[in-house]
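Asker: One predicted model, sequence on top.
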Amino acid sequence: MTKNLRIVLIEDDDVLRMGYESLLSDVNDFVVVNSYGSYDLAKKYLESDEPDVILLDIQMPGTNGLQALPFIKKTLPNTNIIILTVFDSPEMVFEALTLGASGYLTKNSSASKIIDAVKEVNTGGGAMSTNVARIVMHSFQKNLNSPLTKRETEILERIANGQTKSQIANELFIDPETVRSHVKNIYIKLDVNSKSEAIKTAREKRFI
């Protein structure tokens with residue numbers, strides 16, 4: 001007899017949550033043990049739910065999905081977590097995967113894709129929407145002949161994502177003056193005179 005796959009949903013949109021619940025409950029060997037409107041509501045029950053797989057939204061009231069990931073992994077190290085969200089920015093994808101998510105789907109994923117993803121992560125696979133897989137692939141395809149150092153690349157990527165020099169300094173724990181000096185070196189190496197030119201050139205040459 002096959003063991004039922006225990007699933008927990010954490011999603012703040014009631015309609016979507018009910019939709020996922022109905023979709024997954026109809027699958028043989030799947031059982032939706034519980035569904036919650038936020039991680040804050042779910043956290044005290046998760047251990048007793050004993051889920052094999054958790055479908056986790058990112059944007060929720062209170063603790064968001066990315067903040068919740070390390071806590072869930074600590075409490076339930078053997079549970080596979082699939083992020084199911086509208087966001088597919090490279091930063092969010094990599095943060096989620098770094099924090100221990102087994103899969104990352106966007107909410108426009110088909111019903112069959114969601115069902116396959118649950119099965120896949122439960123057998124040790126990783127599940128991703130096509131657009132998310134493309135982001136991951138692109139990051140591995142960066143031009144290895146870039147003249148930029150690792151730190152310069154990181155700073156230029158953050159600038160391209162709209163961060164200011166002071167935000168970058170705070171997040172990388174460096175002096176704003178150091179950020180300015182890196183930016184100057186980036187301009188010299190790429191032979192450009194502005195932020196937009198630097199981003200455009202670096203993207204065209206796949207340095208970022």
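Answerer: That came through fine. Keep in mind the model is a prediction, meaning the values are calculated, not measured.

Asker: worst-scoring helix or strand of the protein, pLDDT-wise?
Answerer: In the chain, the helix or strand scored least confidently by mean pLDDT, DSSP states H and E is helix 130-140, which has a mean of 80.

Asker: Using neighbour counts, pick out the buried residues of the helix or strand just after it.
Answerer: Moving toward the C-terminus from helix 130-140, the next helix or strand (DSSP states H and E) is helix 150-160. Across helix 150-160, burial judged by 16 or more other CB atoms under 10 Å covers 152-160. Where C-beta positions appear, they are placed from N, C-alpha and C, glycine not excepted.

Asker: give me the number of residues near Leu46?
Answerer: 22 (other CB atoms under 10 Å).

Asker: again with Ile199
Answerer: Count around Ile199 with other CB under 10 Å applied: 19.

Asker: ditto for Asn28
Answerer: For Asn28, using other CB under 10 Å, the count is 7.

Asker: Three-state assignment for it, please.
Answerer: coil (DSSP: H, G, I helix; E, B strand; the rest coil).

Asker: what sits against Glu171?
Answerer: Contacts for Glu171 (CB atoms under 8 Å, 6 or more residues apart in numbering) come out as 158, 163.

Asker: Tell me what angle the least confident helix or strand of the chain forms with helix 150-160.
Answerer: 140 degrees (axes from the mean of the first three to the mean of the last three CA atoms, to 10 degrees).

Asker: Helix 130-140 packs against which elements?
Answerer: Packing partners of helix 130-140 (3 or more CB pairs under 8 Å, 6 or more residues apart in numbering; DSSP states H and E): helix 90-98, strand 103-106.

Asker: what's the burial count for the closest residue to Ile115 other than its chain neighbours?
Answerer: Closest residue in space to Ile115, ignoring its immediate chain neighbours: Val27 at 5.7 Å, by CB to CB, 6 or more residues apart in numbering. Other residues lying near Val27 total 16 when counted by other CB under 10 Å.
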